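Peer 1: Need the 3D shape of this:
(chains A and B)
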Amino acid sequence: MEEAFKSPLIRLEKRSGSSIKPVYAWLIRLGSIVFALLLGCIVIALAGSNPIQAYGTMLDGAVGNAAFRQQTIKKAVPLLGCALAIAPCFKMRFWNIGAEGQITAGALAATFVVRMLGPQFSGDSASLPLLLLMALAAMLLGGLWALIPGFFKAKWNTNETLFTLMMNYIIIGVVAWLQAGPWEARQGRIAQFPKLAWLPKVEGVHCGWIIVLVLVFLVHVYMRHTKQGYEIAVIGDSMRTAQYAGMNVGRIMMHTMFLSGAISGLVGFILCSGATNTLSKDIAGGVGFTSITVAWLSQLNAFAMVAISLMLGILTKGADTLQTVMNVPASISDIIIGLLLFCMLGCEFFINYRLILRKKLGKGGAVT
Amino acid sequence: MKKILALILCLALVAALFVGCAEENKPDSGNNTETGSKADTGNKTETGDKPAAKTVKVGLICIGDENDQGYTYNFIRGKDAATKALEAKGINVEWVVKWNVPEGDACEDANRELAAADCKVIFNNSFGFEDYMLKVAPDYPEIQFVACTNQASWGDGLENTHNAFANIYEGRYLAGVVAGMKLQQLIDDGTIKQEEAVIGYVGAFPFAEVKSGYTAYFLGARSVCPTVTMKVQFVNNWSDATAESNAASALCDAGCKVISQHADNSTPATMAQSKGAFFTSYNNDMISVAPEACLVGTRIDWSIYFTEVIEAVVNGKTFDQDWHKGLADGAVVLTELNKDIIAPGTEEKLAEVEAGLKNGSIQVFDTKTFTVNGQELTQAFALDTDGDFAPDKEEAVFNGAFHESYFQSAPYFAIDIDGIELLN
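Peer 2: The predicted structure follows:
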């Protein structure tokens, strides 16, 4: 008995690989959402509103009518695209947190094309070639922007986390300069693109959603069913093994980073051509960071990303409506989203570890 | 056992969620159907015919929230005052406000959302919102869209878009008079020499809106302190508390004795106080943050415009597409004078200048009071019609003055006059 008193109230034990069934893992994940929503209730109540009504408003504001659903999808599209972009990097344990900058680089290149070549295109039929050129340029610059840290990592084993992060600030600074300098139209802003350079709308939302859905399949096939995808997985599991198997790790890193940056660049194109119709230094708006959460929550599974990014879209749009309809401060909505993400990411801990309470220990006495 | 409990808990919450939705659907379904049937303008006339209290839904999209204690806070004050004024006229305003909306496609979404929520008028409070507002306005011809401080409505070919700007240059001229009086007092009592009467100005961007403001301020100061000069430092941002503070600090170090600003934060006020300089504020009374420095402030009273517009909409009337009013109508006001530190005689002088501005005997941009490269200004265009951002139409100089905000509400005085030195 004495021993039992000495042992801590709660102990953690690592679950061995097969000890948790997938069903339970998903139950824990669902439970974490429920827990987060309950925590959110407290926050909403503290802000002086009815929690149940608030959640209802959020859901209704996100999917309640066609206009709201369109906005929700518009918010989810860049998150999904960018999560797809960083998945290959994360799979090989290359911590690319520079998607924000790669998006901005893509948008910058697309804008460059509009500004330089836009006047040469005229007539409705010219829209498609112009858009294609913009997309191509965006992918190229986004890819190159990601290739730089990839190259340094491959050559001199630099820290990719810091390197990619710093690259964000550089490209955002470049856009800030263009915006207030050479490309400025009026009061620190770049002029809106001509209609020709706008992504056409399908079902009320710019057709970027179709592009990212196609990407879901492409990325899935690439990661699961190609030699390159296999190489990425091997490097992620053990770089030594990859080297022993004769893989050129540096090269693989570089082309994976280029691919990742290119997809981010494409997202940048979608954002500037589809959503804002212009370029600004805030074009990425945190998507490059939020999408890390999306990729992680979906366990780098391309199809799960669709669901997770939609969920985040619903949350942000819902929070937006909550603010309008119930006069809840914007920060309260942010807190709710933060709680949800925290709990959802945190619950992975409980999937990997088991809690053991002292009482159980005392009774059983078998645990040493 | 625990798992079952967890499951029950989940189900309970999901059920609760749906109950919540069902509840919420009732009031909201009204909204949703209304977006579909927005074509029926019967709503407007219906409220117009009723003698009882009329209710109107009005949207407001803000770039910040009350925490900035400056730009957006000033709109909120306008909104609250307008609500009261309209209440007295039997009109209930139901505001739907979006806070902290960035200048990007989020603004388009915000406009769409407020339109879907059945607002009859939607005010956009920041300059950068107009591009996005204009993407929504054509889809809702029966809703009035207003871009405050902007200027596209006269040329966008739409009936339902509007601009508004108050003649803040008049308020700045008055604030300049207060600053000039103080400098003259310092000269007269021997604290500073004549040539040391320098005003420092923290400007956001080198655009007409800012240039017009500091020039008016400078001319106001020089009207009472003939030896005054001015240095202007731009921060290239509308709202960057640190940069504004640094600019104020640099200006004080360069010998400026009075600091004023055209940016959103109160940090220049506190910096001026810590450097022993005086200060006049914009958007808000900053005496509370810098009691030893802040002489006075000037701000736009948006309630005048809000009241006019909302009343017109409720009564089914049209209103100006390009609105501007000034001191004479109370749309521009001075905040309270800091009586402990202003120069003696300031109040009398202010009353005199104010009366002069109101009856037109004093012109802010009187061409006899300033020179450009040593010459009197005889010609300057007001409007940019071809989109190259250089004015090319409508002669603004006539009857001995440059007529600011005469051809459009947004300021267009963008001339560099002698006596003002731009530091960057």
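Peer 1: can you pull the contacts of residue A:63?
Peer 2: Counting by CB atoms under 8 Å, 6 or more residues apart in numbering or on different chains, residue A:63 makes contact with A:69, A:72, A:314. To be clear about C-beta, it is placed using only N, CA and C from the backbone, and glycine gets the same treatment.
Peer 1: and chain B, which of those residues reach it?
Peer 2: Near chain B, judged by CB under 8 Å from any CB of the partner chain, there are no entries from the contacts of residue A:63.
Peer 1: Assumed residue B:94 was part of a strand.
Peer 2: Yes: counting by DSSP: H, G, I helix; E, B strand; the rest coil, residue B:94 is found in a strand.
Peer 1: Quick one, grab the pLDDT at it.
Peer 2: Residue B:94 carries a pLDDT score of 92 in this model.
Peer 1: Out of the contacts of residue A:63, grab the one that's most surrounded.
Peer 2: For the contacts of residue A:63, neighbours were counted using other CB atoms under 10 Å in any protein chain shown, and residue A:72 has the most, 25 neighbours in all.
Peer 1: Phi, psi for it please.
Peer 2: Main-chain torsions, residue A:72, degrees, to the nearest 10: phi -60, psi -50.
Peer 1: pretty sure it is touching residue A:313, no?
Peer 2: Yes: contact criterion CB atoms under 8 Å: residue A:72 and residue A:313 qualify, at 4.5 Å.
Peer 1: and for these two, which residues touch both?
Peer 2: Common neighbours of residue A:72 and residue A:313 (CB under 8 Å, 6+ apart) are residue A:62.
Peer 1: just to revisit the earlier point, which one of the contacts of residue A:63 is nearest to chain B?
Peer 2: Ranked by distance to chain B (CB to the nearest CB), those are led by residue A:72 at 10.1 Å.
Peer 1: picking up where we left off before, can I get the contacts of residue A:63 in JSON lines with pLDDT?
Peer 2: Shown next, in JSON lines, are the contacts of residue A:63 (pLDDT from 0 to 100):
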{"residue": "A:69", "pLDDT": "90"}
{"residue": "A:72", "pLDDT": "92"}
{"residue": "A:314", "pLDDT": "91"}
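Peer 1: Out of the residues you listed, which is nearest to residue A:52?
Peer 2: Using CB to CB, residue A:314 comes nearest to residue A:52 of the contacts of residue A:63, at 17.2 Å.
Peer 1: And that closest one, how far from residue A:298?
Peer 2: Counting by CB to CB, to the nearest Å, the gap from residue A:314 to residue A:298 is 15 Å.
Peer 1: one step back: now, which of the contacts of residue A:63 sits nearest residue A:278?
Peer 2: Comparing those against residue A:278 with CB to CB places residue A:72 closest, at 22.7 Å.
Peer 1: Skip ahead from the host helix or strand of residue A:45 and say which helix or strand is next.
Peer 2: Taking DSSP states H and E as the criterion, residue A:45 maps to helix A:22-46. Next helix or strand after helix A:22-46 toward the C-terminus (DSSP H and E): helix A:51-63.
Peer 1: so that following helix versus helix A:22-46, what angle?
Peer 2: 110 degrees (axes from the mean of the first three to the mean of the last three CA atoms, to 10 degrees).
Peer 1: avg pLDDT for helix A:51-63?
Peer 2: Across helix A:51-63, the average pLDDT comes to 89.
Peer 1: and it, how far out from the chain's middle?
Peer 2: In terms of CA atoms, centre = their mean, to the nearest Å, the centre of helix A:51-63 is set 24 Å apart from its chain centre.
Peer 1: burial of residue 214, as a residue count?
Peer 2: The chain I'm using is chain A. Residue A:214 has 10 nearby residues by other CB under 10 Å.
Peer 1: wrong one, chain B
Peer 2: So residue B:214, with other CB under 10 Å, has 24 neighbours.
Peer 1: For it, which non-adjacent residue is closest in space?
Peer 2: Nearest non-adjacent residue to residue B:214, counting by CB to CB, 6 or more residues apart in numbering or on different chains: residue B:201, 4.6 Å away.
Peer 1: do the same with residue A:298
Peer 2: residue A:304 (3.4 Å).
Peer 1: for the closest residue to residue A:98 other than its chain neighbours, helix, strand, or coil?
Peer 2: Of all residues beyond its chain neighbours, the one nearest residue A:98 is residue A:164 (3.0 Å), with distances taken as CB to CB, 6+ apart. Using three-state DSSP as the criterion, the local structure at residue A:164 reads helix.
Peer 1: so where's chain A uncertain?
Peer 2: Counting by pLDDT under 70, the ranges of chain A that qualify are A:1-6, A:16-19, A:187, A:359-368.
Peer 1: In it, where's the longest helix?
Peer 2: helix A:127-156 (DSSP state H).
Peer 1: tell me what that one is packed against?
Peer 2: helix A:99-117, helix A:160-180, helix A:249-270 (3 or more CB pairs under 8 Å, 6 or more residues apart in numbering or on different chains; DSSP states H and E).
Peer 1: With mean neighbour count as new columns, can the ones you listed be given to me in a markdown table?
Peer 2: What follows is the helices and strands packed on helix A:127-156, written out as a markdown table (neighbours: other CB atoms under 10 Å in any protein chain shown):
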| stretch | mean neighbour count |
| --- | --- |
| helix A:99-117 | 28 |
| helix A:160-180 | 18 |
| helix A:249-270 | 26 |
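Peer 1: Now the most centrally placed residue in chain B: closest residue in space, sequence neighbours ignored.
Peer 2: Geometric centre of chain B, nearest residue: residue B:300, 5.9 Å, by CA atoms, centre = their mean. Counting by CB to CB, 6+ apart, residue B:300 lies nearest to residue B:166, which is 4.2 Å off, once chain neighbours are set aside.
Peer 1: how many neighbours does the one you found have?
Peer 2: Neighbourhood size, residue B:166 [other CB under 10 Å]: 27.
Peer 1: and it, how far is that from chain A?
Peer 2: Distance of residue B:166 to chain A, given as CB to the nearest CB, to the nearest Å: 18 Å.
Peer 1: Residue A:252 contacts residue A:234, doesn't it?
Peer 2: No: Residue A:252 lies out of contact with residue A:234 (CB under 8 Å); the separation is 9.1 Å.
Peer 1: Need the residues touching each of the two.
Peer 2: Common neighbours of residue A:252 and residue A:234 (CB under 8 Å, 6+ apart) are residue A:242.
Peer 1: What is the burial count for residue 315?
Peer 2: You didn't say which chain, so I picked chain A. Here the count is done by other CB under 10 Å, and residue A:315 has 20 residues near it.
Peer 1: think we crossed wires, I meant chain B
Peer 2: When counting by other CB under 10 Å, one arrives at 13 neighbours for residue B:315.
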